[in-house]
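quick one, fold the following:
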Amino acid sequence: MSKTIKVALAGAGAFGIKHLDGIKNIDGVEVVSLVGRRFDQTKEVADKYGIKHVATDLAESLALPEVDAVILCTPTQMHAEQAIACMKAGKHVQVEIPLADALKDAQEVAELQKQTGLVAMVGHTRRFNPSHQWVHKKIEAGEFNIQQMDVQTYFFRRTNMNALGQARSWTDHLLWHHAAHTVDLFAYQAGSPIVKANAVQGPIHKDLGIAMDMSIQLKAANGAICTLSLSFNNDGPLGTFFRYIGDTGTYLARYDDLYTGKDEKIDVSQVDVSMNGIELQDREFFAAIREGREPNSSVQLVFNCYKVLHDLEQQLSAD
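The predicted model follows:
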């Protein structure tokens, strides 16, 4: 495909805007349609980014013959159904994490992708962040092997709000959303499937109906282990922090910064063409479309993550 890839983006909130900012830096790609829940707010974003078509219904954008691909930045509960609709309309699709919040829905997406052969990718951004890419390259070169990952995913969200602090129309989830990042990254970096997983959770919030604190243990087939702590109750610092403990060193990843175990900063600015993980994720999506290949973090490559999340959910439900 040599022509400009024309994209519809669904979800004009905090993460949709991150994708729009990233796509501005990618040649040969044009966002031609923006879908949002409220027309006026969506049009305001569309006008800022020079997007001519605005809709409140994804089906309207899918009906546009010029649209080649769709990026979904919509509420978690809509991801699987919308990804299926995109592929049935003959469009390549990138779904923001998570692919689904139930294993059966993830399976339906994976099965349809196999049938259509379209590019279907999930936004497992950690695979693309330069800090984690640096570690991955060291592992691939045989210079580092993970013994343990220690991960903290901490936010302060006792009300329904997004990354910009704005009111959200849906409820986020520690397991199906935030844990998905680390469950996938651990298996990816370990180069080995997860064979054992355990979870415990704290009290269910009386209004949000979700656990606000969670602890997860993972073990890979090669013996590597991971401990993940998650909280919506943490009053700073916020974000996800990774400690890689390996056979030849220790590394700490904080957002896009990487440090040794002695807190010496590692320069990761030359790892890829950008320091923006969302932009790099989008670049991979469009490159896979152009080259007719499977992308890193395709539905098929990340599917085992959702099997693990399903097993953990079953454990938590039985407690």
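
going forward, measure contacts and count neighbours with C-alpha atoms only.
Fine.

sketch out the low-pLDDT regions of the protein for me.
Across the chain, residues meeting the criterion (pLDDT under 70) sit at 1-2, 159-171.

please parse it into its domains.
Here the domain parsing of the chain from the TED database is 5-124+278-291, 129-271.

what's the most buried one of those domains?
Highest mean neighbour count of these: domain 5-124+278-291, a mean of 20 (counted as mean count of other CA atoms under 10 Å).

ends of that domain, how far apart?
Taking CA to CA, to the nearest Å, the first and last residues of domain 5-124+278-291 lie 12 Å apart.

quick one: distance of that domain to the chain centre.
13 Å (CA atoms, centre = their mean, to the nearest Å).

could you point out the longest helix of the chain?
helix 299-318 (DSSP state H).

show me what counts as buried in it.
Buried residues in helix 299-318, counted by 16 or more other CA atoms under 10 Å: 299-313.

could you single out the nearest of those residues to Ile216?
Nearest to Ile216 among these: Leu312, at 8.5 Å, using CA to CA.

how about that closest one, what does it touch?
Residues in contact with Leu312 (CA atoms under 8 Å, 6 or more residues apart in numbering) are 197-199.

how about the helices in the stretch 51-200 of the chain?
Ranges of helices in the stretch 51-200 of the chain, per DSSP state H, counting those that start in this stretch, are 58-62, 79-88, 103-116, 130-140, 180-190.

take those helices and lay them out in JSON lines including distance to Gln147.
Formatted as JSON lines, these follow (distance: least, CA to CA, whole Å):
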{"stretch": "helix 58-62", "distance to Gln147": "44"}
{"stretch": "helix 79-88", "distance to Gln147": "34"}
{"stretch": "helix 103-116", "distance to Gln147": "29"}
{"stretch": "helix 130-140", "distance to Gln147": "12"}
{"stretch": "helix 180-190", "distance to Gln147": "9"}
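
and for the closest residue to Met121 other than its chain neighbours, the neighbour number?
Leaving aside its chain neighbours, Met121 sits nearest to Ser298 (4.1 Å; criterion: CA to CA, 6 or more residues apart in numbering). Counted with other CA atoms under 10 Å, residues neighbouring Ser298 total 21.

use 132 as the first number for this chain going forward.
With the count now opening at 132, the last piece we talked about shows up as Ser429.

isn't Ser429 up against His255?
No: counting by CA atoms under 8 Å, Ser429 stays clear of His255, with 9.2 Å between them.

and which of the contacts of Leu443 is nearest Asn156?
For the contacts of Leu443, the closest approach to Asn156 (CA to CA) belongs to Ala328, at 39.3 Å.

helix, strand or coil for the residue lying closest to the closest one once chain neighbours are set aside?
Using CA to CA, 6+ apart and skipping residues adjacent in sequence, the residue nearest Ala328 is Leu349, 4.5 Å away. Assigned by DSSP: H, G, I helix; E, B strand; the rest coil, the conformation of Leu349 is strand.
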